[in-house]
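A.B. asks: Curious how this folds, go ahead:
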Amino acid sequence: QVQLVESGGGLVQAGGSLRLSCVASPSIFSINTVGWYRQAPGKQRDLVAAITSAGYTNYAPSVKGRFTISRDNAKNTVYLQMSSLKPEDTATYYCNRNLNLGDTPVGSWGQGTQVTVSS
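C.D. replies: Prediction:
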């Protein structure tokens, strides 16, 4: 069974950037679609972006134009490059296997990585 582990979170000022990593073990090749999700305190977990093995992508309207999802199969890693960060981007970010490019997580959730954006 493939395990996904998130990393790369931290504290950043508004307008700054961060790159999150989602590493698949032992291999990402068996996963067609990977999604990045986030959950702020007291709120539900929502899809941020997703990418297929062919490179098709989908973004939540709130992050479109600011976040970029990418995939490096050689490194078994899916990245989420976040730019022009806003305080409302503060959340715990998770990655998961998806059924498709929509909000369709199918795997178990990891511990996530915390992103805090200060104003």
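
A.B. asks: Look up phi and psi at the most centrally placed residue in the chain.
C.D. replies: Nearest to the geometric centre of the chain sits Trp36, at 2.6 Å (CA atoms, centre = their mean). Main-chain torsions, Trp36, degrees, to the nearest 10: phi -100, psi 130.

A.B. asks: Over to Ala54?
C.D. replies: According to degrees, to the nearest 10, Ala54 has phi -90, psi -10.

A.B. asks: Name all residues that make contact with it.
C.D. replies: With contacts defined as CB atoms under 8 Å, 6 or more residues apart in numbering, Ala54 has no neighbours. Quick note: C-beta positions are derived from backbone N, CA and C, even for glycine.

A.B. asks: contacts for stretch 3-11?
C.D. replies: Residues contacting stretch 3-11 (CB under 8 Å, 6+ apart): 18-25, 34, 92-97, 107, 110-116, 118.

A.B. asks: Just the ones of these in strands?
C.D. replies: Counted as lying in strands by DSSP state E, out of the contacts of stretch 3-11, are 18-25, 34, 92-97, 113-116, 118.

A.B. asks: Would you show me how to pick out the buried ones of those residues in ChimeraX?
C.D. replies: Here is the ChimeraX command that selects the buried residues among the ones in strands among the contacts of stretch 3-11 (16 or more other CB atoms under 10 Å):
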select :18,20,21,22,24,34,92,93,94,95,96,97,113,115
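
A.B. asks: Tell me who's in contact with the residue nearest to the centre of the chain.
C.D. replies: Neighbouring residues of Trp36 by CB under 8 Å, 6+ apart: 20, 22, 47-50, 69, 78, 80, 93-95.

A.B. asks: now with 6 Å?
C.D. replies: Applying CB atoms under 6 Å, 6 or more residues apart in numbering, we find Trp36 in contact with 48-49, 80, 95.

A.B. asks: just the buried members of these?
C.D. replies: 48-49, 80, 95.

A.B. asks: and the residues you listed as a markdown table, adding pLDDT and secondary structure?
C.D. replies: As requested, these are exported to a markdown table (pLDDT from 0 to 100; DSSP: H, G, I helix; E, B strand; the rest coil):
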| residue | pLDDT | secondary structure |
| --- | --- | --- |
| Val48 | 98 | strand |
| Ala49 | 98 | strand |
| Leu80 | 98 | strand |
| Cys95 | 98 | strand |
